[in-house]
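S.K.: Compute the structure for the input listed below.
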Amino acid sequence: MAHVAIDLERTSREAYSVPLSKINVSDPQLWVTNTHWPYFERLRREDPVHYCAESDYGPYWSVTKYKDILSVDTNHQVYSSESGLGGITIRDARPDFRLPMFIAMDPPKHDAQRKVVSPIVAPENLAKLEITIRERMQAILDSLPRNETFDWVDRVSIELTTQMLATLFDFPFHDRRKLTRWSDVATSLPMPGGIVETMEQREQELWECADYFATLWNQRINAEPGNDLISMMAHGDSTRNMPRNEFLGNLILLIVGGNDTTRNSISGGVLALNENPGEVKKLKANPDLIPNMVSEIIRWQTPLAHMRRTAIADTELGGKQIKKGDKVVMWYVSGNRDEEAIPRAGEFLIDRPRARQHLSFGFGIHRCVGNRLAELQLKIVWEELLKRGIIPEVVGEPERVYSNFVKGYATLPVRIAA
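M.R.: As a prediction, this is how the structure comes out:
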């Protein structure tokens, strides 16, 4: 991995030589090359609430310190998530393709819609799901090849989370990879040779998603209320009469929230342990560290790099004057590396004290509704791997996703010894 170290040196020089005002951490190129770290390090040190005047997404504020992110995330009275104002990503929705979803709403509508789907992750339901997740993980692991290179993302991370999502939606199991595709399409930036080439292609595929789910919806709305997400929404007071774009918006939210983030943490955990062999020794010596390690993996990976808000009043943050209408981006990925809030934040430590004190799930009213399910899936992945004495060996560079929102992996080549 020597070439990576040299690269980081060069990137670090670049990050500290560019004028502060010119730093633009939203450039997807920084994310696909994994070279954003020194830019955030510099912003935390020199300009924790940083104004970027020019980017592909227009001007925006970068909030990079843990405590400042917390104060934005927990103040929905000033910092709005409303899709009509721009929503939750640095990329504004096109006015003619706006997808309201409860994460991109303010109270009271947000609270009412969130309440409809939250029973799916209630403790008694998680207890039932645990048995299913474990059986599936066992089947997936037992099917993996030995002594040959394969793609961990495809064979394990996507497979487990997509099976889980199909269960939550009660979605036709044979079509479950459609969910993966729609998730990727929803979060990707159009580019030649990319997941989607144009915005038009992206929108067309997402409407196909809406049409597919509309068929399921019509079946469920005419049946007794069931214990799946579609049935819950079809029978929920605040969700049964959603316009088509809001229907699609909430579907995309549940698809991305239900698989993308967990998928990338499953891959990120394998990579983190490969890069930190000392932690593997700790894990083998004490498997009871798994739940704590899961939290550390989620912090270390930070599967969603940012969340965006729009100021709905003039305000002050970190000594800076934020104007009504300004775009404010909370970089969770930076807050999770803030040494002031998290001691030794630059290290991956599976026995870290207070490991759950990370920003990856957000805070306040928009805190991830499925956080316990994500943790449960990761816990089972590592329990089943350890039972078999398997720590997959990473045998090549991961291919990272071209996105400044989803911090994830397109491929991760691994090998499991016989």
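S.K.: Relative to Arg388, how far out is Leu283?
M.R.: 14 Å (C-beta to C-beta, to the nearest Å). The way it works is simple: take the backbone N, C-alpha and C, and place the C-beta from them, glycine included.
S.K.: okay, the two: which has more neighbours?
M.R.: The neighbour comparison of Leu283 against Arg388 (other C-beta atoms under 10 Å) goes to Leu283, with 20 against 12.
S.K.: That one: helix or strand, and which one exactly?
M.R.: Under the criterion of DSSP states H and E, Leu283 resides in helix 277-285.
S.K.: Mind listing what's buried along that helix?
M.R.: Neighbour counts over helix 277-285 (16 or more other C-beta atoms under 10 Å) mark Glu279, Leu283 as buried.
S.K.: for stretch 375-389, same thing?
M.R.: By neighbour count on 16+ other C-beta under 10 Å, the buried set for stretch 375-389 is Glu375, Leu376, Gln377, Leu378, Lys379, Ile380, Val381, Trp382, Glu384, Leu385.
S.K.: closest to Gly319 among those residues?
M.R.: Glu375 (36.0 Å; C-beta to C-beta).
S.K.: Might you report the residue contacts of the residue nearest to that closest one when sequence neighbours are not counted?
M.R.: Nearest in space to Glu375, with sequence neighbours left out and distances taken as C-beta to C-beta, 6 or more residues apart in numbering, is Val294 at 5.3 Å. Counting by C-beta atoms under 8 Å, 6 or more residues apart in numbering, Val294 makes contact with Gly269, Glu375, Leu378, Lys379, Trp382.
S.K.: right, and the second one touches Met293 too?
M.R.: Yep, that's Glu375 we're talking about. No. At 10.7 Å, Glu375 and Met293 do not qualify as touching, with contact defined as C-beta atoms under 8 Å.
S.K.: Can you identify the element that follows the worst-scoring helix or strand of the chain on mean pLDDT toward the C-terminus?
M.R.: Here the helix or strand of the chain ranked lowest by mean pLDDT, DSSP states H and E is helix 2-17, holding a mean of 75. For helix 2-17, the succeeding helix or strand toward the C-terminus, using DSSP H and E, is helix 28-32.
S.K.: Now the element after that following helix, going C-ward?
M.R.: The helix or strand immediately downstream of helix 28-32 is helix 37-46, counting by DSSP H and E.
S.K.: got the buried residues for that next one?
M.R.: Buried residues in helix 37-46, counting neighbours by 16+ other C-beta under 10 Å, are found at Trp37, Pro38, Tyr39, Phe40, Glu41, Arg42, Leu43, Arg44.
S.K.: Same check on stretch 158-174?
M.R.: Of all the residues in stretch 158-174, those buried under the rule 16+ other C-beta under 10 Å are 158-171.
S.K.: Specify which member of the buried residues of helix 37-46 is nearest to Ser360.
M.R.: Nearest to Ser360 out of the buried residues of helix 37-46 is Phe40 (C-beta to C-beta; 15.0 Å).
S.K.: And that closest one, how far from Arg337?
M.R.: Distance from Phe40 to Arg337, counting by C-beta to C-beta: 7 Å.
S.K.: Run the chain-centre distance for the helix or strand where Pro291 lies.
M.R.: Using DSSP H and E, Pro291 falls within helix 290-301. Using C-alpha atoms, centre = their mean, to the nearest Å, the mean C-alpha position of helix 290-301 is found 14 Å from that of the whole chain.
S.K.: when you compare where it runs with where helix 277-285 runs, what's the angle?
M.R.: Counting by axes from the mean of the first three to the mean of the last three C-alpha atoms, to 10 degrees, helix 290-301 lies at 160 degrees to helix 277-285.
S.K.: which helices and strands sit right next to the following helix or strand past helix 290-301?
M.R.: Next along the chain after helix 290-301, taking DSSP H and E as the criterion, comes strand 306-311. Helices and strands touching strand 306-311, by 3 or more C-beta pairs under 8 Å, 6 or more residues apart in numbering; DSSP states H and E, are strand 79-80, strand 327-331, helix 332-335.
S.K.: Buried residues, the helix or strand harbouring Leu129. List them.
M.R.: Per DSSP H and E, Leu129 falls inside helix 123-142. Neighbour-count burial for helix 123-142 flags Leu126, Leu129, Ile133, Arg134, Arg136, Met137, Ile140, Leu141 (criterion: 16+ other C-beta under 10 Å).
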